[in-house]
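K.L.:
Have a look at this prediction, sequence included:
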Amino acid sequence: MKSAAHLQNDNILSKYILNIKGLKLLDTKNTKFEWLIPNFISKQSLNMIYAGAGSGKTMFALHLCNYLIKNNAKIDEILYFDADNGVDMLQNRQADKIVDDSNSKLKYILSNSLSRFGLFKNINKKAKFGDLKNKLVIIDSVRNFIKGSLSKDENITKFMADLQSIRDKGATIIFLHHQPKQGMDKNDENYKGATAFMDSVDEAYYLQNETDNAIVADNTMILSLKPKKRRSHTKEAVVQIDTKNLSLEFIKDDFFGLNEKEKISLQLAKEIVDQKSEISQSDLANAIQKLANKNYLEIVGRNTLWKLFDKFDGKLFKIKRLKGYGNCNKKIFCNIENVEEK
């Protein structure tokens, strides 16, 4: 048990620490975790969404704002800072209509002056804790607000510290970012610049345009978003955007969001199972590897392959589990059409 002198010393230390500017005790009574969009964006979080040029990042961000307003999300105001797009591009994407239909909730701010480089530092200096509660901040794109190299951790850490502080004062932040140039047949799903981008965010999503992989109307976009940190139970998301009616819908489809290696691995698996009618998991894996080598294709490793098999059980093939020696389950892959006929 601590003596009165020890307790007094503890109080002196606490008072000293809390007198340091910028430090604040956690208010456990008024602090609670809350989703803005379940398993996707949490309130008062800092998020990065990145993709290659022309993938649909701005279109997604615009329609996400529209979605939140239409669905009465707990957001009082959305501040959209854009230093990446021209007025003609924004009109083409109907940003003006989305703003007009927002009941003044969406403030779209074109930020092309040199003052943009100190914008978030100034916001952080002026805002107090709680001032930014129920505010959503969109930054399009983050590279246009950073002065200096995107590759230097020291430079990015300072910028991200301001965003983290703005988050801690109540705001939810989503910033758009780019990928480095990718090869024709490969995409490493990495973002451009320093590791401090990923280290500083609560969640990072890799956005992929899946429209070419789907049969959809001309005015429809399909985008998949894959979480890279998977904190707080975030999950992969797929959205369908109707650019004519200005609507966004979260849809469920396991086929979107797969990388090239995963797609090739599943295509080979289905091809082999359809030919064999029935095949064990180990034989199937060996056959996939043999066929991939023959055709100079890259596929996923065994651990990822097992996860893909379980994910697509009942979609591309049917897995039967047979009791083997020592109560070990043996997996047999069957042609799904033959199983359905029986």
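P.N.:
All right, it came through fine.
K.L.:
Name the SS class of residue 120, please.
P.N.:
Under DSSP: H, G, I helix; E, B strand; the rest coil, the three-state class of residue 120 is helix.
K.L.:
switch to numbering from 4
P.N.:
In the new count, where the first residue is 4, that last one comes out as residue 123.
K.L.:
Spatially nearest residue to it (excluding sequence neighbours)?
P.N.:
Leaving out its chain neighbours, the residue that sits closest to residue 123 by CB to CB, 6 or more residues apart in numbering is residue 165, at 4.6 Å. All C-beta spots, glycine's among them, are computed from the backbone N, C-alpha and C.
K.L.:
Secondary structure element holding the closest residue to residue 271 other than its chain neighbours?
P.N.:
Closest residue to residue 271 apart from its sequence neighbours, by CB to CB, 6+ apart: residue 291 at 4.7 Å. Assigned by DSSP states H and E, residue 291 belongs to helix 284-297.
K.L.:
what's the angle from the helix or strand immediately after that helix in the chain to helix 284-297?
P.N.:
Going down the chain from helix 284-297, the next helix or strand is helix 305-314, by DSSP H and E. Using axes from the mean of the first three to the mean of the last three CA atoms, to 10 degrees, the inter-axis angle of helix 305-314 relative to helix 284-297 is 120 degrees.
K.L.:
what helices or strands is the next helix or strand after helix 305-314 leaning on?
P.N.:
Using DSSP H and E, the next helix or strand after helix 305-314 towards the C-terminus is strand 321-326. Contact analysis of strand 321-326 by 3 or more CB pairs under 8 Å, 6 or more residues apart in numbering; DSSP states H and E lists strand 332-337 as its packing neighbours.
K.L.:
which helices and strands sit right next to the strand it packs on?
P.N.:
Packed against strand 332-337, as judged by 3+ CB pairs under 8 Å, 6+ apart, are the following elements: helix 263-279, strand 281-283, helix 284-297, strand 321-326.
K.L.:
Can I get the ones you listed in JSON lines including mean pLDDT, distance to residue 241 and mean neighbour count?
P.N.:
Listed next are the helices and strands packed on strand 332-337 as JSON lines, based on pLDDT from 0 to 100; distance: least, CB to CB, whole Å; neighbours: other CB atoms under 10 Å:
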{"stretch": "helix 263-279", "mean pLDDT": "92", "distance to residue 241": "15", "mean neighbour count": "18"}
{"stretch": "strand 281-283", "mean pLDDT": "93", "distance to residue 241": "30", "mean neighbour count": "17"}
{"stretch": "helix 284-297", "mean pLDDT": "95", "distance to residue 241": "26", "mean neighbour count": "15"}
{"stretch": "strand 321-326", "mean pLDDT": "86", "distance to residue 241": "24", "mean neighbour count": "13"}
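K.L.:
Let's have the ones you listed in JSON lines, adding distance to residue 204.
P.N.:
Formatted as JSON lines, the helices and strands packed on strand 332-337 follow (distance: least, CB to CB, whole Å):
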{"stretch": "helix 263-279", "distance to residue 204": "24"}
{"stretch": "strand 281-283", "distance to residue 204": "43"}
{"stretch": "helix 284-297", "distance to residue 204": "35"}
{"stretch": "strand 321-326", "distance to residue 204": "37"}
